[in-house]
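Novice: Have a look at this fold, sequence not included:
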């Protein structure tokens, strides 16, 4: 029975479900794009600063502080996703090693 047949037989959507491995991590681009956008917005805001009066500058600094504070949450999202990616990869690696050892596969055949 191949993997696709086993997934259908056991009513599993993904190979990870079949082998008891954590689901694959989400793509990280959305988090990175959010950080890049925030930094670009801050840059645009600061480039206008030289034309502002004191009260407007105070408002600008407060706005920038809020934007930069939110970056911390975005970076933590990336950290969590990277930890999940490491765990996911490690579980697949462990499964591959287990299969190689259980079935006494000559590693040179895989290289």
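Specialist: Ah, there it is. This is a predicted model, so every value here is computed, not measured.

Novice: From the contact counts, what lies against the helix or strand encompassing residue 81?
Specialist: Here residue 81 sits within helix 54-102, counting by DSSP states H and E. With contacts defined as 3 or more C-beta pairs under 8 Å, 6 or more residues apart in numbering; DSSP states H and E, helix 54-102 has these neighbours: helix 29-47. The way it works is simple: take the backbone N, C-alpha and C, and place the C-beta from them, glycine included.

Novice: Show me how far the helix it packs on is from its chain's centre.
Specialist: Relative to its chain's centre, helix 29-47 lies at 18 Å (C-alpha atoms, centre = their mean, to the nearest Å).

Novice: what's that helix in contact with?
Specialist: With contacts defined as C-beta atoms under 8 Å, 6 or more residues apart in numbering, helix 29-47 is touched by 60, 63, 64, 67, 68, 70, 71, 74, 75, 77, 78, 81.

Novice: quick one: it to helix 54-102, angle?
Specialist: 160 degrees (axes from the mean of the first three to the mean of the last three C-alpha atoms, to 10 degrees).

Novice: So for helix 29-47, what gets flagged as buried?
Specialist: Neighbour-count burial for helix 29-47 flags 31, 34, 38, 42 (criterion: 16 or more other C-beta atoms under 10 Å).

Novice: and which of the residues you listed is nearest to residue 89?
Specialist: residue 31 (18.5 Å; C-beta to C-beta).
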